[in-house]
Each structure stands twice: as structure tokens, then as C-alpha cells.
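1. Task: produce atomic coordinates for the following.
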Amino acid sequence: MNNSKYKIQFSKKSLTSLISAITLSALAQYSVAQIGSASVQGIIASHMLPQPGIEVTAKNIDNGYTFRAITQKDGSYTFKGLAPGHYQILLQDKAGKSPETITLKVGQSVSLDFEIDKPVTNDDKIDEVTVIGTQYKIKNTSGEIGTNVSLEQISTLPQNTRNFLAFADLAPGVQFTQAADGSTKIRGGAQSANAINVFIDGVGQKNYVLGGGVTGQDSSRGNPFPQSAIGEYKVITQNYSAEYDQLSSAAIVAVTASGTNEFHGGVFYDYSDQGMREMYPAEVKDNKKVPGKQNQYGVSVGGPIIQDKMHFFLAYEAKNNADPKSMTLGGGYTQATLPSQFTNATQGISADFEEDLFFGKIDYLITEEQKLEFSAKIRNETELTSVGGLNLLSYGSDKKNDETRYDLSHNWRSDNWTNDFHITYEDATYNPRPHTNANGQVLMNNANAVILNAGGGADYQNKSQTGWGVQEDFTYHAISNHVIKTGFKYKSLTLKAAEQQPYNPQYEYNIQYDPTLAQPSKVRWGAPLAGIGDGSAESDNKQYGIYIQDDWTATERLTINAGVRWDYEESSSFLDYKTPNAVVIALRGWTNLQNSNINIDHYISDGNNREPFKNAWQPRVGFTYKLSDSNDLELFGGAGRAYDRNIFDFLQTERTKATYPTYEMNFISADPTRDCHAVSSNCTNWDPKYLTAEGLAEFVNGTGAGREVDLVNNKLKTPYSDQFSLGLRGSINDDWRGEVSVSHIVSKDGFTWMLGNRRADGSFFEPGSTWGQPWGSGIPGYGSLIISKSGVETKTNSLFIKLDKPKEENSWGMNIAYTYTNAESNRKVGETYSLDYPSLSDYGTHRVHDLPEHRLVIVGIADLPAGIVFSAKLNLQSVETFYGQDCRAGWNACVYRTFKPDSAGFLGYKQLDVSFSKDIQTDYLVTGSLMTLRLDILNLTNSVNHDSYTDWYGGANEPLNPDFEKPTDTLAGPPLTLKVGLNWKW
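-> Numbers count the residues shown, from 1 in each chain. The predicted structure is shown next:
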């Protein structure tokens, strides 16, 4: 036998001294799950000979949980499925001697080899061994592109939202953005936020109904999880292993905090208001700030129930904000030129937001081999949305966004395998409704430009996902040089969606002609179909997923990761839908469609001709090859496919629009800009009774005639991405590590809606025209035809560079992440409707909007004199690409163009945040307690980061719009803002 691989080089030291300590203080220990778990493995040898039969113990320092392994014939031992945290590693621990101490991070693999003083034979009674040396090394055993975000970074770096995902942009290729309305989203590469998934303690948090990727993050100012309950997390940009599901871009893998053998806790309070920030652009024009305040506070506590056996952890966080929203009138109007009844229309609005986040966990070590854990998360939030800009307070929406999740897990390990089993439950609801129940008033000018929205708003939705699931993950490591993982997941969910749009009738007034609002020119309203439906849809969804993964150490230098997974989903709302007979008759008799290239049979469902998508096979392979021992230089890479899913918010439209149709009526008037008969056949004389529901009921026949018809393709596809990467990583010197990689991602089969209307000859445009949609050529007896298409594609080529210097005690640390991205798409990413052209190919291929070509994120933490901790985050981005519409060649020849505003220069976004904190001993309150005073300065240089620019080139035969490329008043991110905080820990 060749024993050369057992040669271990170390300095000779006895186990009686602590050889090295790599520790990080923390309030609480972390949870464990197969996804995101850590591992320790190594070899015990004596004079180059492997030593079998030696007991190795891994003891969690914080909670006392102890795990054991026996070395195999080749002297190797393995601990799989360990929770990230701090461990003591002991050999034949019977003499109470000092152990080796290591720290494990999320998804990390550590190699710890031991050299003992003398060989152990089969005749020896192994009671005690003497270690004369160790070798510790962090192993990169995966071809994935990933970045760890530590607890120290989460708790120390400056931040505005206390959203733990705010630091995901420390990973190249990942963006965390805060929109002008305060909502946040996370995005990987060129794909939309829908394509990400977040795994907390191994369980995916996917949003099955709405966008945003994870539940609760669709247009919300709230946080998905209490930050104080997050231990640390890892961002995997691409080439993740086969256990990760329901995503096609980035994966976020987080572990939660747990109780320890000591009672610990903390309280915090953060505050800022309008007096602690600079003005927004709209406020500069008015020379007056809109009142506002941001309160964030919370408490966490954890400790033992039974020492070394059972622990608890509880966390509560809350937000109580009044965020400023400025009014900006359209059409060139000012307060002085508005009708007199709209006094104070330009006065700013404080939009309230309240959130309560709860997390609780109990863990119990049944035996050294088995552990039971139960956790619960509850999220309740209410907010005022859709105010500011053109919308008065009355026109806003009151939104409730609630979520409850439970997770019961059982972890079981032996010398050869580890098993992790979860039973989960989730209940998430999303419910915006009008702030005011009254007729809506849409004020317009002669050119149909909206000036102001007043009265009651239009938005009513009630959407939810509820159900339970089981998840099984099994890891087998008894086969030499192989770690085999396999598992399955099953979920049974009820998805619901109700839409009533518009909930309040919307009356349009041309105030340039009629400033007294004597008569509207048009009204839009919705009404349920009596005895048929009320704009709601419900689906019983069954989800299945299986995978197998082999991490194979092929040689001393080469590791290969190969796996495959398969996912399958049944959605009753899609499968069982039956197109109404009256609609089928109308479609089959529609000669316009017969003359077109649309095969309507692909969209007509009889309730039995649809099948679930069955081809979601996802092969994934990665590798790591060590090029050099001196600096741990490694070549790594991988290729794989990842399927996401179609969100229910797209599919439900087929049912909800069919039972709560939208109606429209134009009113005859003397206004020369509103010639009713020239724009519609739905014309009638005005009568004040049409301001009432009873009056509008005269135009509703109860059959749905005139309604829009939305149809999903019977062969619906599932969106996916193919990912390829290659890179180098290693140590630059004793302090710095570096990584450089190139990436290529192609995503396909993204969902969009397209206009199915066709003219009499089957064409979309008039002869000789390239613009002018056939809105007036709808289905006979109905309105427009809207059909689905699985055809949105993106292609992304990226260069990622990372430089990391870990922070040591009384020192400083820094992380640098640079991303170069060249991405293009056949549709504006995030746009659900593509109604301007007959096919997606007509849109052409454009550079992806709102995605900078260059992005640099630098963070640093340093210990200053007097016990002050300084931290900073710098975010620099090149100017983004924007979409604009150009109709200067004629109203029948409009085109979309992409542009980069010249006024923005090279850098379109720049923000420097800094933080100063000081710990003060408060032993006079509680022994060992600390009070931390903190000041965050956000956007220190008060950079004006515009969120949008005027994108209208001009109309027919007009010169270039003089306002084209000029910035609007909306900002991406805050102006210069001060935030003070107080944190007390015991």
C-alpha cells in the first residue's frame, strides 16, 4: 500500500497545549440542516501509517452537543451535517487534555489531520493517544461560485433596512436594491428577482404565487426574517449542487441562531427621521421636507432548558416607519393650475409601514446520534402603498402581508451516514385593497397624459399559499473517497388568488377642457359575473423533487461533484381549466384568427388535454483541481441546468379575468379631443346616475360579453437556466485570498403575455406599418385576446473577481467584489406583458436594462483606538441601460430603443456608507453585559442616484424631446442620512 498520502507535515507539539484556536464570539449557536451544513474530515497517522479504530469526538463548544466517529482502515474520519459553529476536536478523550478548536462556516468543509506519537495495533487497548502535530486546512471541494457572509459582517456593517439579505451583494453577480418606494429585492445576474431562492435551515422559502423569489418580498418594505435570528449565510451565485431546487439564478443558504448552555440576550433600537437626512429632489423643488421617521427595535434571548441537551432561542423585531413620499404632477401642471377642489395636491405624504417579526426555536439532543428541532416564524405587516408621484393619499392602497412557517426536523447520524428529515408548514397571504372606497378620479389633459389620481384607488387583491411538506436528505460517506447525497421533497399546497380590478370605478376627466369636472369622458370598472365567479381562483398544487449527488475525491488534487435532480409539479388550476363553451365558439368562428399564424387549439382547454411539465431533469457537474500546494491555487468550474417554476400569479389570470371582467364606457361630449365615436363603439350620453353602481349596472349583461379573454398555452413550459463557469482561487499571501472566474448563463422559457388580436386578413399591423396594435380587432362578442408565451430569454457573460482579507482580533478586514456583466435579452426583464408586437422576435435583442456593466462593492471593518469599531461599504456601478420609445418616424413606425443617459456619466450609482460603534461595559446592570452605541451614516457623500430618466424620444414628425434623458425625481437609495442605534447584550 502506498502510504505517501498519510505523510503529515507539522511542528511537534503535545496535545496538552492548545495548538491553534480559530474562534469567533457569538450570542448563539447555529442550526443544522443538510443544506448549508458543514463537515470535518481528516486522517490520523503515525509515522506515515494510517491508524484505524481511534475514536474522534467533535464537541460543540456553545451547546455541548457531542458527536463521535471511528477512524476507518485508511485512518480517515468524517463528520458530516454539522451545524456551523465552534467545535473542539478530541482523540480518545478520556484524560481531559486540551483539544483542537475550530470554527465551521455555512457549507464549509474543513480538513484536520493528526499525527500521533506511536502506531496503534489491533492488540492494543486504545485508551489514550498523544498528538505530536496537526494540520488544519479549509477545503474547497465544490465547483460552485459562492461567498460567505459572516455574523460579524451582518452585525457590524452599515445598513438601512435590517434586511439580512442586504449583504448578499458581497458576492459578485448578485444585486440587492432598494427602490424609490422603499421596497427591496435581490437579484442574481440578468434574470429577474423571481429566479432566486432562499434556504433557511435547509428549507426553501419560495414564493409560489407572487414575484420576488421568496415569500413576502413582492413590493414590500419589510424584512423576510429577523436579522438577530440569522447566524450567517452563504450566497451561491451559480453551479450549486443537486439538492438546490426551484431557482435558476442565485441561492441564499442561511442558518438560524440557537440557544446555548448559557443565557444570552440582547435588545436594540434604531432611529432616524426627516431632520437627520438631506432632501429628496422633489423636496428641493418645494424647499420643504416631507415629515417621516424610521423606528426599528427588537429583542432576542436564548439559553439552556437542559444543559448539553435542550435549548431555546427567541427573537422579535419590529419596524414602525412613516416614509416620505413626494407628489409630482404630470402634464406640466402645478398646484396653481389644478381645479380648486384639489388643494394641497402637491403636499408630501408620510406612508406608514408596520412590521412584526417573530422567530422561535427549541432543539433537543435525544442521543449523541439523534437531534430534534422545532422552529416557527411569524411575520405580520401592514403598509400604505401606491401614494406619492401622481397619486393622492386617498388613491393609495392598504396592504397586508402576513406569513407563518413551521419546521419540525429530525437529524440522525451514524459513523457512515447522516439523515435529515423535515416536516414543514407555510401560510403566506398578500392583500392590498383601496385606502378609500369611492369613485376614482383620473385627471388628464388634452393629450391624455395623467396629471393626478384622486378618489378611490383601483387595486384589490387577495393572494395566498398554504400547505405542508416533507423533505428528506440522506448523506452516505462510508465509500472511500465518495460522499453521496440523495433526497426527495414533497409539498401539498393550496394556492389562491383573487383580483377585482378596478375595485373602484375609475372616471377620466379632461381638466384642460373641463376644469370643473362637470362630466367624465370615460369610465372603467369591474363587476363579478353573477352565478359564475367573483374574480378568484384556487389551485391544489403537488410538488415532487428527487436528487442524487456524488462528491468524489478522484485524486489528491482532483475533486469531482456530479449530480442530477428532477422536479415535477401538478397545478389543478392549470390542468383542470376548461375554456367556456361560448368563448370556444367565438374563437373558432373568428375569421381574423383563422387567417393568422396562431393555432388557437394550442390554447383551448377541454379540462383533459393539459399535462404537467415532465422534463425538468437537471444534470449538474463541478470540479476542483489543486494546481499548487504553496498557495492553495485551485482551478474550479462547473456546468449545470436549474429549473425554476411558473408563479401562480401568471396562471390564475386565465380564471380571474374570466369571472370578474373589466368594462369600459365612453361618454359623448363637446370636447374636441375626446371624440367618443372615433375611439370606441361603446359610447353613450352622460347621465349623473352613471356615478353610481346602479347606473353602471345598466351596461353589464352578466354574460361576460365584451370582456378580455386570457388563455394559457396548453403546453406550458418551465423557465430554466444553463450555467457554465471556470475560475481560479487561492492565497495571495498570508493575509489575502483571491478568486477570479468567468461565467456564461443562458436562461430560457420565461413567461410573458402577448396580444392575440388580429386584423381581418390575419395581420397584426396595418400594411406598411410597424406599429399600431389591433386593439379594435378583438374577439367577436368579447374584448381582446391575451395569450401566453414561454419564450423570454437572457444571455449573460460575466467576469467575477473577489479579494478577501479576514478580520482578526484588534485588526482590520476587507472584502472586495467586482462584477463585469454583458447581458442581453429578447424582452425587458421583469415585464410580464409583451403586447406591442406579434412575436417576441420582433422585439429584437437588447442589452438588459437596470443591470450595470461594471459593479464594485468594497466593505471593511477595523478596530480603532478607544474601543471604537469602524465599518464601511462602498457601492459603485456604471450607468445602467434604459428602455425608451421613439415614434418620431410616425405613429405607425414606433420602436423601442435602449439608451444610457449622457448626463449620468460613467458612474450611474455611487454610495458610501460608514458606521461607528462603541462597546461600553455594563457589569453594574448584568455581569458580562455590553451596551453598544452606534452611528450609521448612509450615503456619506450625498450622491444623487437617479432611479429613472425621461424615456420618451418624441412623437410623429417631432424633434427629439427636449426632456429626453433628463432624470426624474425618484432616487435609488437614500440621500445622506444619519441613523443612531443602541444595542444592549448580556
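2. Any stretches of the stretch 751-900 of the chain with poor pLDDT?
-> Counting by pLDDT under 70, the stretch 751-900 of the chain contains no low-confidence segment.
3. Ser414 contacts Gln370, correct?
-> No - contact status for Ser414 versus Gln370: not in contact, 10.0 Å apart, counting by CB atoms under 8 Å. Any C-beta I mention is one placed from the backbone N, CA and C, and that applies to glycine too.
4. Overlap in contacts, these two.
-> Jointly contacting Ser414 and Gln370 under the rule CB atoms under 8 Å, 6 or more residues apart in numbering is no residue at all.
5. Show me where the stretch 401-550 of the chain has its helices.
-> Under the criterion DSSP state H, counting those that start in this stretch, helices are not mapped anywhere in the stretch 401-550 of the chain.
6. got the residue ranges for the helices in the stretch 651-800 of the chain?
-> Assignment of helices within the stretch 651-800 of the chain using DSSP H, counting those that start in this stretch yields the ranges 653-659, 676-679, 693-696.
7. Pull up the per-residue confidence for Asn140.
-> At Asn140, the model reports a pLDDT of 69.
8. cool, Leu357 as well?
-> 97.
9. My read is that it contacts Ile230, right?
-> No - when contacts are counted by CB under 8 Å, Leu357 is not listed as touching Ile230 (11.4 Å).
10. So for the two, which sits in the more crowded spot?
-> Taking Leu357 and Ile230 together and counting by other CB atoms under 10 Å, Leu357 has the greater number of neighbours (25 against 22).
11. what comes up buried for the helix or strand that contains that one?
-> Element membership of Leu357 [criterion: DSSP states H and E] is strand 349-365. Within strand 349-365, the residues scored as buried using 16 or more other CB atoms under 10 Å are 349-351, 353-363, 365.
12. what's the answer for stretch 306-313, then?
-> For stretch 306-313, burial by neighbour count (16+ other CB under 10 Å) applies to 309-313.
13. Show me the strands in the stretch 1-150 of the chain, by range?
-> When assigned using DSSP state E, counting those that start in this stretch, the strands of the stretch 1-150 of the chain occupy the ranges 29-30, 38-46, 49-50, 55-60, 66-70, 76-82, 85-91, 100-104, 109-116, 131-139, 145-149.
14. what's the average pLDDT for the first one?
-> This points to strand 29-30. In this model, strand 29-30 carries a mean pLDDT of 56.
15. One more: the fourth one?
-> Along strand 55-60, the predicted local confidence has a mean pLDDT of 85.
16. In its sheet, which strands sit next to that strand, and in what direction?
-> Each strand pairing with strand 55-60, determined using DSSP bridges, is listed with its direction: strand 66-70 (antiparallel), strand 85-91 (antiparallel).
17. Could the C-alpha coordinates of the last one be exported in PDB?
-> Listed in PDB are the C-alpha atoms of strand 85-91, where the atom choice follows Å, rounded to 0.1, in the frame of the first residue of the first chain:
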ATOM      1  CA  GLY A  85     -20.200  27.000  14.900                       C
ATOM      2  CA  HIS A  86     -17.300  26.400  17.200                       C
ATOM      3  CA  TYR A  87     -16.100  22.800  17.900                       C
ATOM      4  CA  GLN A  88     -13.500  21.000  19.900                       C
ATOM      5  CA  ILE A  89     -11.900  18.000  18.200                       C
ATOM      6  CA  LEU A  90     -10.600  15.300  20.600                       C
ATOM      7  CA  LEU A  91      -8.900  11.900  20.200                       C
END
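18. That one versus strand 109-116: what angle between them?
-> Here strand 85-91 runs at an angle of 20 degrees relative to strand 109-116 (axes from the mean of the first three to the mean of the last three CA atoms, to 10 degrees).
19. Please shift the residue numbers so they start at 530 in all later answers.
-> Taking 530 as the first residue, the last one we looked at is strand 614-620.
20. about what we covered before: adding mean neighbour count, mean pLDDT and distance to Pro1309, write the helices of the stretch 1180-1329 of the chain out as CSV.
-> What follows is the helices of the stretch 1180-1329 of the chain, written out as CSV (neighbours: other CB atoms under 10 Å; pLDDT from 0 to 100; distance: least, CB to CB, whole Å):
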stretch, mean neighbour count, mean pLDDT, distance to Pro1309
helix 1182-1188, 22, 90, 17
helix 1205-1208, 13, 72, 19
helix 1222-1225, 13, 94, 24
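21. can I get the ones you listed in a markdown table with distance to Gly733?
-> Supplementary listing: the helices of the stretch 1180-1329 of the chain in a markdown table, determined by distance: least, CB to CB, whole Å:
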| stretch | distance to Gly733 |
| --- | --- |
| helix 1182-1188 | 25 |
| helix 1205-1208 | 48 |
| helix 1222-1225 | 44 |
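22. Between these, which one is closest to Ser1407.
-> Nearest to Ser1407 among those is helix 1182-1188; the distance by CB to CB comes to 36.7 Å.
23. what residues does that closest one touch?
-> In this structure, residues lying in contact with helix 1182-1188 by CB under 8 Å, 6+ apart are 1026-1028, 1057-1058, 1061-1066, 1102-1103, 1106, 1109, 1112, 1233, 1236-1241, 1282, 1315.
24. if you average pLDDT over stretch 981-992, what comes out?
-> According to the model, stretch 981-992 has a mean pLDDT of 95.
25. err, stretch 1051-1062, not the other one
-> Average pLDDT, stretch 1051-1062: 86.
26. Any idea what the nearest residue to Trp946 once chain neighbours are set aside is bridged to?
-> Closest residue to Trp946 in three dimensions, ignoring its sequence neighbours and counting by CB to CB, 6 or more residues apart in numbering: Tyr1005, at 4.7 Å. When assigned by DSSP bridges, Tyr1005 has beta-bridge partners Trp946, Ile1013.
27. Give me the number of neighbouring residues for Tyr1005.
-> Number of residues near Tyr1005 (other CB under 10 Å) recorded here: 17.
28. Please enumerate the helices of the stretch 780-929 of the chain.
-> Listed from the start of the chain, the stretch 780-929 of the chain has helices (DSSP H, counting those that start in this stretch) covering 810-815.
29. Tell me where the model's unsure across it.
-> Scanning the stretch 780-929 of the chain with the threshold set as pLDDT under 70 gives no residue ranges.
30. how about the strands in it?
-> Remark: strands of the stretch 780-929 of the chain, listed N- to C-terminal, are 780-787, 793-802, 822-835, 839-854, 878-894, 899-914, 926-942; assignment by DSSP E, counting those that start in this stretch.
31. what ranges do the strands span in the stretch 980-1129 of the chain?
-> Under DSSP E, counting those that start in this stretch, the stretch 980-1129 of the chain gives strands at 990-1005, 1011-1028, 1035-1039, 1051-1055, 1065-1082, 1087-1100.
32. any idea how far the residue nearest to Ala567 when sequence neighbours are not counted lies from Asp1063?
-> Distances taken as CB to CB, 6+ apart place Leu633 nearest to Ala567, at 3.7 Å, with adjacent residues excluded. According to CB to CB, to the nearest Å, Leu633 stands 53 Å off from Asp1063.
33. Which one's more surrounded, the two?
-> Leu633 (24 against 13).
34. The more buried one pairs with what?
-> With beta bridges defined as DSSP bridges, Leu633 has these partners: Gly614.
35. next one: the one 5 residues further on
-> Listed beta-bridge partners, Ser638: Ser568, Lys668 (assigned using DSSP bridges).
36. From the contact counts, what lies against the strand ranked longest in the chain?
-> Assignment by DSSP state E gives strand 1314-1334 as the longest strand of the chain. Taking 3 or more CB pairs under 8 Å, 6 or more residues apart in numbering; DSSP states H and E as contact, the helices and strands that strand 1314-1334 lies on are strand 1238-1240, strand 1266-1284, strand 1341-1354.
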